[in-house]
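Q: What follows is a predicted structure for the sequence shown.
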Amino acid sequence: MSDPSSASADHTHADIGIVCALPIEIAAFLDRCQHVKKYTGGDFQFRGGFYDGIRIAVVESGMGFARARRATQALVDGHAPRWLLSCGFAGALRPDIPIGSIVVADSIVDQHEQNLQIDLHMPADPARGLFVGRLLTADELVRTVALKKQLAEQYAALAVDLESLAVAQVARENKTRFLAVRVISDDLSADLPPEILSVVGATGSVRFGAAIGALWKRPSAAKDMWHMREQAQSAATRLATFLDGVVVQLHSATQPAAVTQ
């Protein structure tokens, strides 16, 4: 492992590149990293640092397929990571997958008949909140329980997000190892607040004008949005804990074997 304080440490190339849509998704993991720096590259915010000597580069893509593709390519162009990870929140599509569960994809599909298989040999452990299976990348935020159930039946997927297939495609095009790790931030117990579609912008920023308007129209929206934020922060902590082990394992898998005499 490189010493992040060393003058000769490589601060350009990354061992692990992470693509997330929103800052809140990866904040808890970055809190566990050292020497984290924030910088702008084109349309995107980047953060770089070290986790136990492992060079980490993170790009915040904003929400949606197109932004995720461009952000991932920018990450590859700027840091040439050995691994690309699509990390962040997802909505559960099955009632047995609660908030805080980790979903690791062995395949990803979208709503346009694109299907990408992932060479993954990881056993599921539902009792401990780890699910392995198909992930759906949808065109738009899936807010209602009814639509989630419809998508589950149509695509036989465990969870839904908006970016993972885009990241996986760029990884394959650049011959970079890939993993999608998602944490469930909303389950099938209730719909997401309707205001989320207008309050949260494509980049993940809060539209304050829309937020004020939403509160004016429905004062109880404040309680719903606050509850959703608490769930998101808890999910982000769970994702960070899972990444603790994954990042070390992935980095070890790409290191050359020691030569014995």
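A: That came through fine.
Q: Do me a favour and average the pLDDT over stretch 60-70.
A: Here stretch 60-70 scores 94 as its mean pLDDT.
Q: Name the residues of it that are buried.
A: For stretch 60-70, the neighbour count (16 or more other Cβ atoms under 10 Å) marks E60, S61, G62, M63, G64, F65, R67, A68, R69, R70 as buried. The way it works is simple: take the backbone N, C-alpha and C, and place the C-beta from them, glycine included.
Q: which phi and psi does the closest residue to P23 other than its chain neighbours have?
A: With Cβ to Cβ, 6 or more residues apart in numbering as the criterion, P23 has its nearest non-adjacent residue at 5.7 Å, and that residue is E60. Dihedral angles of E60 (phi, psi; degrees, to the nearest 10) stand at phi -100, psi 110.
Q: hang on, isn't E60 packed against I18?
A: No: between E60 and I18 there is no contact under Cβ atoms under 8 Å: 9.7 Å.
Q: Determine the residues that are contacts of both of those two.
A: Residues touching both E60 and I18 (Cβ atoms under 8 Å, 6 or more residues apart in numbering) are I26.
Q: what about the helices in the stretch 101-250 of the chain?
A: For the stretch 101-250 of the chain, the helices defined by DSSP state H, counting those that start in this stretch cover 145-155, 164-173, 196-199, 208-217, 221-253.
Q: Skip the chain neighbours and tell me the closest residue to Q233.
A: I24 (6.9 Å).
Q: Correct me if wrong: the one you found contacts S234.
A: No: the pair I24 / S234 is not scored as a contact, 11.0 Å apart, by Cβ under 8 Å.
Q: and the two? which has more neighbours close in?
A: Shown here are I24 and S234; by other Cβ atoms under 10 Å, I24 has more neighbours (18 against 15).
Q: Could I get the full set of strands for the stretch 1-150 of the chain?
A: Counting by DSSP state E, counting those that start in this stretch, the stretch 1-150 of the chain has strands at residues 16-20, 34-41, 44-51, 54-60, 83-92, 102-110, 115-117, 130-137.
Q: In JSON lines, list those along with distance to I184.
A: Conversion of the strands of the stretch 1-150 of the chain to JSON lines gives the following (distance: least, Cβ to Cβ, whole Å):
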{"stretch": "strand 16-20", "distance to I184": "15"}
{"stretch": "strand 34-41", "distance to I184": "26"}
{"stretch": "strand 44-51", "distance to I184": "23"}
{"stretch": "strand 54-60", "distance to I184": "20"}
{"stretch": "strand 83-92", "distance to I184": "5"}
{"stretch": "strand 102-110", "distance to I184": "7"}
{"stretch": "strand 115-117", "distance to I184": "21"}
{"stretch": "strand 130-137", "distance to I184": "9"}
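Q: Which one of those strands lies nearest to L188?
A: strand 83-92 (5.9 Å; Cβ to Cβ).
Q: Run a quick neighbour tally on the residue nearest to D244 when sequence neighbours are not counted.
A: Nearest residue to D244 in three dimensions, chain neighbours excluded: R32, at 6.9 Å (Cβ to Cβ, 6+ apart). Neighbours of R32 under the rule other Cβ under 10 Å: 16.
Q: hang on, R32 packs against F242?
A: No: counting by Cβ under 8 Å, R32 sits too far from F242 to count as a contact (11.8 Å).
Q: I'd guessed A66 sits against L165; true?
A: No: taking contacts as Cβ under 8 Å, A66 lies outside contact range of L165: 11.6 Å.
Q: what sits against M122?
A: V104, D106, V132.
Q: ranking those by neighbours, who comes first?
A: Neighbour max across these (other Cβ under 10 Å) = V104, 20 neighbours.
Q: got a list of what the nearest residue to that residue once chain neighbours are set aside touches?
A: Counting by Cβ to Cβ, 6+ apart, V104 lies nearest to V132, which is 5.1 Å off, once chain neighbours are set aside. For V132, the contact set (Cβ under 8 Å, 6+ apart) comprises V103, V104, A105, D106, L120, M122, P123, A124.
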